[in-house]
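[1] coords please:
(chains A, B and C)
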Amino acid sequence: MLAYLIRRLFAAAVMLVVIVMVVFGIFFLVPKWAGVDIASSFVGKQADPAAVDAVRQKLGLSDPIYSQVWQFFKGIFAGRTYSGGGDVTHCAAPCFGYSFRSEQAVWPVLTDRFPVTLGLALGAAVLWLVFGVAAGVLSALKRGTIWDRGAMVVALAGVSLPIYFTGLLSLAIFAFGLKWIDAQYVPLSQSVGGWFGGMILPWITLAFLYAAMYARITRATMLEILGEDYIRTARAKGLTEPVVIGKHAMRSTMTPILTMLGMDLGALIGGAILTESTFNLPGLGRAVLDAIRNQDLPIILGVTLITSLAVLLANLVVDILYAVIDPRVRLS
Amino acid sequence: MTELSKSGAAVGEPTDASPAPTAFLEVRDLKVHFPTDDGLVKSVDGLSFALEKGKTLGIVGESGSGKSVTSLGIMGLHTAGQYGKRKAQISGEIWLDGTELLSADPDHVRKLRGRQMAMIFQDPLSALHPYYTIGAQIVEAYRIHHNVDKKTAKRRAVEMLDRVGIPQPDKRIDSYPHEFSGGMRQRAMIAMSLVNNPELLIADEPTTALDVTVQAQILDLIRDLQKEFGSAVIVITHDLGVVAELADDILVMYGGRCVERGPAEDVFYEPRHPYTWGLLGSMPRLDREQQERLVPVKGSPPSLINIPSGCAFNPRCPYADVPKDNVTRTVRPELTEVGSRHWAACHLSAEQRETIWINEIAPKL
Amino acid sequence: MTTQRTPGRRKKAFAAAAAVAALLTTAACGGGSDDNSGSKTGAAGFDAANNKVAQADLVKKGGTLKFGGAQDADSWDTTRGYYGFMWDFARYYSRQLVTGKAEPGKAGAELTPDLATGLAKVTDGGKTYTYTLRDGITWEDGKPITSKDVKYGIERVWAQDVLSGGPTYLKDFLDPNGEYKGPYKDTTKDKLGLKAITTPDDKTVVFHLPKPNSDFQEVLGLVSASPVRQDMDTKSKYGLKPFSSGPYKFQSYSPGKSLTLVRNTNWKQSSDPVRKAYPDKITVQFFSDANQLDQRLLNGDLDLDINQTGMSPQGRTTALKEHKANLDNPVSGYIRYATFPQSVAPFNNVECRKAVILGADHVSLQTARGGPVAGGDIGTNMLPPSVPGAEGQKYDPYKISGTNKNGNVAEAKAALKACGKPNGFSTTIAVRNNKPVEVATAQSLQASLKKIGINAQIDQFDGSQTTGIIGSPSNVKKKGYGIIIMGWGPDFPTVQGFGLPLWDSKYIAQSGNNNFALINDKTIDGLFNTYVTTLDEAGKTKISTEINHKIMEGAYYLPFTFEKFINWRSDNLANVYTTDNYSGTYDFVNLGLKNPKK
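    Below is the predicted model:
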């Protein structure tokens, strides 16, 4: 188990290095192929070539890519010193550098934005787990009835409708039409109620998409499990139906669902871009969206790294969880 | 109908014209039908039998003959866990120790399940929950019906595992089903079934998934346990060899109905139905040197949606044309007494059967 | 990175989203019967703040003024910001020697003393500018603002290697040869080594220009001439928390997310003739989606858009229909146009350039820009109406808004014949891919050119990379961009602030070029030279007009529109007016609220 963990973590570290190199590659090589100069977008309207060159020096864009990658990693573990034009800044570890645009340190941006995204993902996950799984179980138990059909039609709608549709619609109805909620993001540290009010629509919107998927998976899995011999055994023992379903059938049904949950949570931390921009939540997704628009490499790198880490960790947790749930799986 | 007492209870009073049976288990005209898109599947279509405590009944038949459906019907497992629109249609009567189960409150039947009647399934690997330990599953079975703490229940589980011959039961109790061998799993399954000392034990193909040497051990175990607990046992199998060792009575099913029923000795040595002959012919015999290849019953089991008219066995019966007037294809034969407590449903006359048995069948067995 | 699971449905989904947005903008609005009729609690009326002050008497001190924006500033560092709204907003926390008057319209573009006691004392034939600082001017920590702080703040413009992004006019005017290396590389002890500025005492600042420039004082009115105190200079990080010399100071700033200003308690009203500082607090919330911003404006959650670039099409439609009284429709100072690089044949021939101007359907181009209200009036020449010397539509040498407004095929064909291309020719239109409106104008132009036999391909290039693509003359020639679609607004409202980088041959650069047409006309260069040495306003105005005429006669440009915006002002805003100083946007620094508690 320990050896397995170490091996997986090592593999994750290698993966992260590869990801960083790929981001660097895309950032530098694609403009090069397109024949454009990144530095020139950081100067004013009438900048002379010397100024462009100075910017290039300052941002380190003139160094070879491998050296930039090396400096980037060195910064994370040992910190690094930036100097240019008489401006010397030491950036202590973990140093993810400074934004090309706003010059703010990347690390505080990540720590500031991460909780927003995490709150969004976790809150939505709770909702979609509860409602998705409940709908799926209900559907499976009432299969063929109007309940089943109704739930599956709603689920189909949830899976097919894009976030910006459901999101805008929910805003139009609840925030601007009925004015039930303000739907503006308030940090949790500022006001619990305000935070909740700001998050509830994004949660519901995001959860709707996922709940739909989870309902469908739960239904299919549940139907399959209900046909298993050990469910019949459970009934033959004289267990009440709620125990048969709630304990014996759910235990097996939850296995694929938890696997999915881990993956989805990991992916969401990196990619709730649509939800975050629809509801104007200042999370990682919006940060990276803005950064891509602004060609802000350090922010892109920072967010990519954090979110890749989240996905890799989520995968690892899922694998471990899987072994915990299903005794037949042994990690080696 | 007698007056109800003030409390409203009419316990033990049969609500039906037919009197409550005296046998421990009595099944009367049991029908289990399943509606499907293709039509009504008549898995069991009018089955009756009785069984006393301490006795073993073997129900024999090919797959699809309705034997497992019968056992699940007795356990009440067709109605429990029926979700959705299509429900099994069950009629007839199942009397267990004076209580009619089909008309009883489902929750009452549930309480009997596992306690008064228990079941062993064919494939213990799939019949045991893969995510719970053997111990947990036995403990659970015990605690549903006994208000005891986990510790006591666990002690009981260890005791049962020991009883069914699992070595180091106190250690193996924490193993998962996949960590057991096939035979061990079936022993554990049996331990789980017997943990509540059921009065009726139904073993549905208990040895089919096991290899031959283990089969014998398991059968011995069931026999020993029956003696010890004095339960009524139903063994369901497609293999006459299995029941030969165990059963007091044998019931042969074909196409959802009983075609022959009687004491094991009689059914083995004086079978009175061509289908039983076929089954006997296909049975490997350890007590005889095998000279010919096994003779399986020719043809395939009948469709349960369109059961052949007349005798359901007529398309496969070599003697279908022996009775006159095409009667085998038009008239459904009823069970008739062919000996002491021995019934068969066949249009062949007693003489014809006697002759065929002596001249054509017995010599080949 | 994204987990969007429906890539194939994207197009449909966007259409659906647009439908919802339209639905939502209408759903959000109760009714708008208060068109054009101002009231104490309601909106001031359509165009009520355009070139005039709306509801000045209703303003109350205090409250929180709430801005929203779809884009953060390029930098809040006074030296580095170049966005127009940043200059407007920077007056909250920065002061200059001179600045635009706190008055609506044209008057707002006139300079008035701010930190200085008066406008410059200009001597030495326009080469020496002397200012005396006021009493009572202080930094946010209460220390007085000195002439050295003014000099240091201006010196920072020289540190382009660290503080890139802002305008560099000061550097060009005071030290055209780049002898000074900026304060961070300054070897003098006090880091005040720039010889062109002297500070004889704490109250006096003297500028010594190597040669006169009549717009020098205009340049000193830009926020890039704000004072910065050396001990508070955090260099490249200064934009995250500039040290305030104005009535407000930074309380918190999270780039791309939010910005909050609170009162600078050390600022004294008595020392500041320009800023009224009505609200107690100023907040800015940034959105990644302009529709979201418009929705919040319509919903009354925000007071105005900090970007001041007009509402998005959906929000605009709803607002015009239901909340017209909350809108102003000012001229932005921008001209939208097509220009013809002379390096790409046959646009080296003036007749071929004229053919395009004459053949284009100007009404169709105006419609593509958004029509007369949202897009602006048809542009007839190349001097924005806010610049002295401009004549507006009165000067229309190609009868663009007159008889030729739908294109004149006959005259265009005649021009083609004169050009030696009677059967037309093929060329390429270069247009930014991130500006749908510009793409629409390119398509309109393409359609009308087809009628006169000019076969134009449209090449949509990466809009974030203009400097490297159309800013590189060699690339333009290589790609054969005969027509480039762009827009331009003045940095400061003079012909120099608008046209010098576009029209003067000195400004043709190999990278970051803005003289796309590659105009190399000794007459025009000469007019600019005369302009900078002409100190009287009347003379300057005359030259401005003349330069404009020369440009039009050369047919280097096909103007589309004198751009107009639709800008939103909430019911709660008071003392609102547009100013030509910031291209027709609201003068932020004097906005107030009617109900501070709202």
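
[2] okay, CA-based contacts and neighbour counts for the rest of this
    OK.

[3] next structured bit after the lowest-mean-pLDDT helix or strand in chain B?
    Ranked by mean pLDDT, DSSP states H and E, the weakest helix or strand in chain B is helix B:240-246, scoring a mean of 82. Once helix B:240-246 ends, the next helix or strand along the chain (criterion: DSSP states H and E) is strand B:249-254.

[4] about what we covered before: which other helices and strands contact the least confident helix or strand of chain B?
    In this structure, helix B:240-246 makes packing contacts with strand B:56-60, helix B:212-229, judged by 3 or more CA pairs under 8 Å, 6 or more residues apart in numbering or on different chains; DSSP states H and E.

[5] let me have those in TSV, extended by mean neighbour count.
    Putting the helices and strands packed on helix B:240-246 into TSV (neighbours: other CA atoms under 10 Å in any protein chain shown) gives the following:
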stretch	mean neighbour count
strand B:56-60	28
helix B:212-229	15
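
[6] make JSON lines from these and add distance to residue A:322 and mean pLDDT to it.
    Compiled in JSON lines, the helices and strands packed on helix B:240-246 are given as follows (distance: least, CA to CA, whole Å; pLDDT from 0 to 100):
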{"stretch": "strand B:56-60", "distance to residue A:322": "42", "mean pLDDT": "92"}
{"stretch": "helix B:212-229", "distance to residue A:322": "34", "mean pLDDT": "84"}
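
[7] quick check: mean pLDDT across stretch B:252-266?
    Looking at stretch B:252-266 alone, the average pLDDT works out to 92.

[8] try stretch C:227-236
    Mean pLDDT, stretch C:227-236: 94.

[9] does it come close to chain A?
    Yes - on the criterion CA under 8 Å from any CA of the partner chain, stretch C:227-236 is in touch with chain A at C:235, C:236.

[10] and of the helices and strands packed on helix B:240-246, who's closest to chain C?
    Closest to chain C of those, according to CA to the nearest CA: helix B:212-229, at 52.7 Å.

[11] pLDDT weak spots in chain A?
    Within chain A, the stretches falling below the threshold (pLDDT under 70) are A:34-36, A:44-47, A:271, A:330-332.

[12] residue nearest the centroid of it?
    In chain A, the residue lying closest to the centroid (CA atoms, centre = their mean) is residue A:269, at 1.8 Å.

[13] surely that residue is in contact with residue A:116?
    No - assessed by CA atoms under 8 Å, residue A:269 is found out of contact with residue A:116, at 9.5 Å.

[14] for residue A:194, which non-adjacent residue is spatially closest?
    Setting aside the residues directly before and after it, residue A:194 is nearest to residue A:186 in space (CA to CA, 6 or more residues apart in numbering or on different chains), at 5.6 Å.

[15] and for residue C:263?
    The shortest distance from residue C:263 to any non-neighbouring residue, by CA to CA, 6+ apart, is to residue C:248 (4.4 Å).

[16] gap between that neighbour and chain B?
    Applying CA to the nearest CA, to the nearest Å, one obtains 65 Å for the distance of residue C:248 from chain B.

[17] give me the contacts around stretch B:29-42.
    B:43-48, B:69-70, B:73, B:86-94, B:256, B:304-305 (CA atoms under 8 Å, 6 or more residues apart in numbering or on different chains).

[18] swap the cut-off to 6 Å and go again
    Outside of stretch B:29-42, the residues that reach it under the criterion CA atoms under 6 Å, 6 or more residues apart in numbering or on different chains are B:43-48, B:88-92, B:304-305.

[19] next one: stretch C:352-362
    Contacting residues not belonging to stretch C:352-362 are listed as C:347, C:405-409, C:412, C:415-416, C:419, C:448, C:555, C:558 [CA under 6 Å, 6+ apart].

[20] let's go with 7 Å and repeat that
    Residues outside stretch C:352-362 that contact it (CA atoms under 7 Å, 6 or more residues apart in numbering or on different chains): C:340, C:346-347, C:378, C:398, C:400, C:404-409, C:411-413, C:415-416, C:419, C:445, C:448-449, C:452, C:555-556, C:558, C:560.

[21] using CSV, write down the CA coordinates of stretch B:154-164.
    Extracted C-alpha coordinates of stretch B:154-164, given in CSV (Å, rounded to 0.1, in the frame of the first residue of the first chain):
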residue,chain,number,x,y,z
LYS,B,154,-20.7,-13.2,16.2
ARG,B,155,-20.2,-16.0,18.6
ARG,B,156,-23.1,-17.7,17.1
ALA,B,157,-21.7,-17.1,13.6
VAL,B,158,-18.3,-18.7,14.6
GLU,B,159,-20.2,-21.6,16.1
MET,B,160,-22.1,-22.1,12.8
LEU,B,161,-19.0,-21.8,10.7
ASP,B,162,-17.4,-24.4,12.9
ARG,B,163,-20.4,-26.6,12.6
VAL,B,164,-20.3,-26.6,8.8
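
[22] so that stretch, near chain A or not?
    No - for stretch B:154-164, no contact with chain A is found by CA under 7 Å from any CA of the partner chain; the gap never falls below 14.3 Å.

[23] pull the distance from that stretch to the chain's centre.
    Averaging C-alpha positions (CA atoms, centre = their mean, to the nearest Å) puts stretch B:154-164 26 Å from its chain's average.

[24] also stretch A:112-125?
    Offset of stretch A:112-125 from its chain centre (CA atoms, centre = their mean): 8 Å.

[25] so for the residue of the stretch 201-350 of chain B at minimum distance from chain C, what's the nearest residue that isn't a sequence neighbour?
    Checking the stretch 201-350 of chain B residue by residue against chain C with CA to the nearest CA singles out residue B:209 as nearest, at 44.8 Å. In space, residue B:209 comes closest to residue B:123 once its chain neighbours are excluded; the distance is 5.7 Å by CA to CA, 6+ apart.

[26] got it, and residue A:283?
    The shortest distance from residue A:283 to any residue other than its chain neighbours is 4.5 Å, reached at residue A:113 (CA to CA, 6+ apart).

[27] what's the answer for residue C:201, then?
    Spatial nearest neighbour of residue C:201, excluding adjacent residues (CA to CA, 6+ apart): residue C:147 at 7.2 Å.

[28] that neighbour: what's it in contact with?
    C:199, C:202, C:203, C:204, C:205.

[29] swap in 8 Å and give it another go.
    The contact partners of residue C:147, by CA under 8 Å, 6+ apart, come to C:133, C:199, C:201, C:202, C:203, C:204, C:205.

[30] out of those, which end up buried?
    Among the contacts of residue C:147, the ones that count as buried by 16 or more other CA atoms under 10 Å in any protein chain shown are C:133, C:199, C:203, C:204, C:205.

[31] JSON lines for those residues, including distance to residue B:269 and pLDDT?
    As requested, the buried ones among the contacts of residue C:147 are exported to JSON lines (distance: CA to CA, whole Å; pLDDT from 0 to 100):
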{"residue": "C:133", "distance to residue B:269": "128", "pLDDT": "97"}
{"residue": "C:199", "distance to residue B:269": "130", "pLDDT": "96"}
{"residue": "C:203", "distance to residue B:269": "130", "pLDDT": "96"}
{"residue": "C:204", "distance to residue B:269": "131", "pLDDT": "96"}
{"residue": "C:205", "distance to residue B:269": "129", "pLDDT": "97"}
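
[32] okay, those residues in a markdown table with distance to residue B:105 next?
    As requested, those are arranged in a markdown table below (distance: CA to CA, whole Å):
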| residue | distance to residue B:105 |
| --- | --- |
| C:133 | 100 |
| C:199 | 104 |
| C:203 | 102 |
| C:204 | 104 |
| C:205 | 102 |
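
[33] many thanks, we can stop here.
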